[in-house]
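J.: Here is the input, now give the coordinates:
(one chain, ligands or ions: 1)
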Amino acid sequence: MEKAEKNHKTLDNQGVISFSANKKWLSMPVEIRRKLEQNVWCGSCSDVVKIESYTVKEFSNVIVLEGICHKCGNEVARVID
Ligand SMILES: [Zn+2]
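T.: Numbering: from 1, shown residues only. Next up, the predicted model:
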């Protein structure tokens, strides 16, 4: 039996840095994660870039990586669904 124990933090518009989201993210195959990390849109570069120094956040049902653009340092985010 799975224990339905949820450490519920407040979900606001900012999302939360979530342990469970991080766990979900890390449970994905590494090659998929690498692909997603390298396929992030940067509005400043107007190009697909690599995300760096990101944190894994959780919005209602999706995981979001929030970090900075590898090229210009602009803030970028990648939704994982
Ligand atoms: Zn950029």
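J.: Can you tell me the element residue 54 falls in?
T.: Using DSSP states H and E, the element containing residue 54 is strand 51-58.
J.: cool, and residue 34?
T.: With DSSP H and E as criterion, residue 34 is part of helix 30-37.
J.: Toward the C-terminus from that helix, list the very next helix or strand.
T.: Next in line after helix 30-37, if elements are assigned by DSSP H and E, sits strand 40-42.
J.: Report the rounded mean pLDDT for that next one.
T.: The predicted model assigns strand 40-42 a mean pLDDT of 97.
J.: Any idea how far it is from the middle of the chain?
T.: Taking C-alpha atoms, centre = their mean, to the nearest Å, one finds the center of strand 40-42 at 12 Å from the center of the full chain.
J.: cool, stretch 73-81 as well?
T.: Relative to the chain's own centre, stretch 73-81 is displaced by 7 Å; criterion: C-alpha atoms, centre = their mean.
J.: Pull it out as CSV, backbone CA atoms only.
T.: The C-alpha trace of stretch 73-81 is given here as CSV (Å, rounded to 0.1, in the frame of the first residue of the first chain):
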residue,chain,number,x,y,z
GLY,A,73,21.7,34.6,-18.6
ASN,A,74,18.1,35.6,-19.1
GLU,A,75,15.6,33.8,-16.9
VAL,A,76,14.0,30.9,-18.7
ALA,A,77,11.5,28.2,-17.8
ARG,A,78,10.6,24.8,-19.1
VAL,A,79,7.3,23.1,-18.4
ILE,A,80,7.5,19.3,-18.1
ASP,A,81,4.2,17.6,-18.6
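J.: okay, which residue is most central for this protein?
T.: Here the mean C-alpha position of the chain is nearest to the C-alpha of residue 65 (C-alpha atoms, centre = their mean), at a distance of 1.8 Å.
J.: Next, the contact list for that residue, please.
T.: 25, 36-37, 40, 51, 54-57, 77-78, 80 (C-beta atoms under 8 Å, 6 or more residues apart in numbering). Every C-beta, even on glycine, is put in place using the N, C-alpha and C of the backbone.
J.: Can you redo those residues as a markdown table, where the extra columns are neighbour count?
T.: Shown next, in a markdown table, are the contacts of residue 65 (neighbours: other C-beta atoms under 10 Å):
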| residue | neighbour count |
| --- | --- |
| 25 | 19 |
| 36 | 17 |
| 37 | 17 |
| 40 | 22 |
| 51 | 22 |
| 54 | 17 |
| 55 | 13 |
| 56 | 21 |
| 57 | 19 |
| 77 | 14 |
| 78 | 17 |
| 80 | 15 |
